[in-house]
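Just a sequence and a predicted model for now, questions to come.
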Amino acid sequence: MQNYSHTIPTKIYFGKGQISRLAEALRPFGAKVLLTYGGGSIKKTGLYDTVMDILSDEGFTVFECGGIEPNPRIESVERGVKLCRENGIEVILAVGGGSTIDCSKAIAAGVYYEGDLWEMASTRHGVLKALPLVDILTLSATGSEYDGGGVISNMKINQKLGNSYTFPAVSICDPTYTFTVSKYQTAAGTADIMSHIFEEYFSRTPDSDLADGICETVLKSAIKNLPIALAEPDNYSARANLMSISSIACSGIPSYGKQSSGWPCHAMEHELSAFYDITHGVGLAILTPRWMRHILKKDPSCEWRFVRFAENVWGMEGEDEHALANAAIDRLEEFFRESGIPMTLSELGIGEEHFAEMASHANRGGYLKNSFVALTDEDIVEIYRACL
């Protein structure tokens, strides 16, 4: 088990009716609020009106930055920074899923950044000086409500990059706000949650019992609750469990004491999203079983981890460990397919014309040579092709 240090400065208000804490959460930071949101679903559900009524009644001055994309663009960051600077914004309120929160983190940091904002997004750095950020979560997926990172896209140059920006000061997480999320987005969001765990679980560290136990519990919760949420969209227990594991999965807690895996599936999926603007969780669901089969074949010494996955997550038994490992991968792919996720790139209209370029960028500087199983550009192209 390796050494680790960890800080999460975010305060979470979790549960039904926690929007009653909104004014209390915002007030210490100021009265001028930038309200950020996505394509307008919060207006259809009535959440926008609820938020605006609270802000009006409590004397806040509100400026709006709507229309943030599912894979948030650098242009939205630039637009938000401009609004903040021109209007003396004191606090940002992000209402939506991970894309809105990610973009809002970059806006919050961008207000103080001297220089080009894409430079900020594409240069490696730690948490930056930023405006305070409060969010109201509406989708269980990315965990952005409980971490300091964000992913921003520049579609002009086909790049989608994750970076550190700022932690939310407060996150309001009410599972009832996810009742209206479509089956497709519910499934894709859960695939994202599970992928965050896989990126931490598939590590060479064999003795971090706490982290492995958390990973396995999160995966079992996702497997249990996604089918319930798909069949009964307003099932509070299922939605609440998915929302709680969303926050934990990408928080860093499931990696306590573990050797880093390099997050290879995220590196590969970011290329798919950058070139084709697909739903992040769908790309991860397609890639993950193919990555698993590829590394198991390339380096059988990692088989023990797949056997543990089979036994402790799926409850499988058997003497043949190789068969057990492959059965677990097959079951994961079947679970995603049963959830309504398209499981090939061909279904999304994606061919192999950009695979070499995508692989080169995902593995720039030999980035994935230190992952759970080292990947070359050729390995990545082979994984992409297996997804067709």
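Here it is on my side, so go on.

Let me know the secondary structure of residue 64.
Under the three-state scheme (DSSP: H, G, I helix; E, B strand; the rest coil), residue 64 adopts strand.

quick one: it and residue 42 touch, right?
No. Residue 64 lies out of contact with residue 42 (CB atoms under 8 Å); the separation is 11.3 Å. In this view, the C-beta of every residue, glycine as well, is placed from N, C-alpha and C.

what residues are shared contacts of these two?
Here residue 64 and residue 42 share no contacting residue, scored by CB atoms under 8 Å, 6 or more residues apart in numbering.

So between these two, which is more surrounded?
residue 42 (23 against 13; other CB atoms under 10 Å).

Which residue, other than its chain neighbours, is closest to the more buried one?
residue 48 (4.4 Å; CB to CB, 6 or more residues apart in numbering).

Can you tell me how far the one you found is from residue 79?
19 Å (CB to CB, to the nearest Å).

Please apply the same query to residue 158.
From residue 158 to residue 79 the distance is 21 Å (CB to CB).

Please apply the same query to residue 297.
46 Å.

what about these two, which has more around it?
residue 79 (17 against 10).

what about the closest residue to residue 122 other than its chain neighbours, neighbour count?
Excluding the flanking residues, the one nearest residue 122 by CB to CB, 6+ apart is residue 161, at 5.5 Å. Under the neighbour criterion other CB under 10 Å, residue 161 is assigned a count of 18.

Which secondary structure element is home to residue 161?
strand 159-164 (DSSP states H and E).

Let's check: the centremost residue of this protein is which one?
When CA atoms, centre = their mean is applied to the chain, the residue found nearest the centroid is residue 142 (2.4 Å).

Do I have it right that it meets residue 192?
Yes. Using CB under 8 Å, residue 142 makes contact with residue 192 at a distance of 6.0 Å.

shared neighbours of the two, which are they?
Residues touching both residue 142 and residue 192 (CB under 8 Å, 6+ apart): 98, 280.

For the residue in the chain sticking out farthest from the centre, give its distance to residue 218.
Using CA atoms, centre = their mean, the residue of the chain lying farthest from its centre is residue 319. It sits 35.9 Å away. From residue 319 across to residue 218, the span is 28 Å (CB to CB).

Likewise for residue 197?
Distance of residue 197 to residue 218, computed by CB to CB: 5 Å.

Residues that sit against both of these two, list them.
With CB under 8 Å, 6+ apart, residue 197 and residue 218 have common neighbours 249, 254.

quick one on the thing from earlier: so what does the strand holding residue 161 touch, helix or strand wise?
helix 117-122, strand 149-154, helix 264-276 (3 or more CB pairs under 8 Å, 6 or more residues apart in numbering; DSSP states H and E).

right, and the helix or strand after the helix or strand containing residue 287?
If you go by DSSP H and E, residue 287 is part of helix 280-298. Once the chain leaves helix 280-298, the next helix or strand it forms, by DSSP H and E, is helix 303-312.

Quick one: list the elements packing against the next helix or strand after that following helix.
Scanning forward in sequence from helix 303-312 by DSSP H and E, the next helix or strand is helix 321-338. With contacts defined as 3+ CB pairs under 8 Å, 6+ apart, helix 321-338 has these neighbours: helix 280-298, helix 303-312.

Give me whichever of the ones you listed is most buried.
For the helices and strands packed on helix 321-338, the largest average neighbour count (mean count of other CB atoms under 10 Å) is found in helix 280-298, namely a mean of 23.

quick check: angle from that one to helix 303-312?
120 degrees (axes from the mean of the first three to the mean of the last three CA atoms, to 10 degrees).

Alpha carbons only: can I get helix 280-298 in PDB?
Extracted in PDB, the C-alpha atoms of helix 280-298 (Å, rounded to 0.1, in the frame of the first residue of the first chain):
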ATOM      1  CA  HIS A 280     -18.600  10.600 -22.900                       C
ATOM      2  CA  GLY A 281     -20.100   7.700 -20.900                       C
ATOM      3  CA  VAL A 282     -21.100   5.900 -24.100                       C
ATOM      4  CA  GLY A 283     -17.600   6.100 -25.400                       C
ATOM      5  CA  LEU A 284     -16.300   4.700 -22.200                       C
ATOM      6  CA  ALA A 285     -18.700   1.800 -22.200                       C
ATOM      7  CA  ILE A 286     -17.700   0.900 -25.700                       C
ATOM      8  CA  LEU A 287     -14.000   1.100 -25.000                       C
ATOM      9  CA  THR A 288     -13.700  -0.500 -21.600                       C
ATOM     10  CA  PRO A 289     -14.500  -4.200 -22.400                       C
ATOM     11  CA  ARG A 290     -12.200  -4.000 -25.500                       C
ATOM     12  CA  TRP A 291      -9.400  -2.500 -23.400                       C
ATOM     13  CA  MET A 292      -9.900  -5.200 -20.800                       C
ATOM     14  CA  ARG A 293      -9.600  -8.000 -23.400                       C
ATOM     15  CA  HIS A 294      -6.600  -6.400 -25.000                       C
ATOM     16  CA  ILE A 295      -4.500  -6.000 -21.900                       C
ATOM     17  CA  LEU A 296      -5.500  -9.400 -20.600                       C
ATOM     18  CA  LYS A 297      -4.200 -10.900 -23.800                       C
ATOM     19  CA  LYS A 298      -1.100  -8.700 -23.900                       C
END
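
tilt between it and strand 149-154?
100 degrees.

Measure how far helix 280-298 is from the centre of its chain, please.
In terms of CA atoms, centre = their mean, to the nearest Å, the centre of helix 280-298 is found 16 Å from the chain centre.

Where does pLDDT dip in the stretch 51-200 of the chain?
Within the stretch 51-200 of the chain, no range satisfies pLDDT under 70.

which residues in it form strands?
Taking DSSP state E, counting those that start in this stretch, the strands of the stretch 51-200 of the chain run over residues 61-65, 91-96, 133-137, 149-154, 159-164, 170-173.

I'd like to know which of those lies nearest to residue 15.
Closest approach to residue 15 among these (CB to CB): strand 170-173, 7.6 Å.
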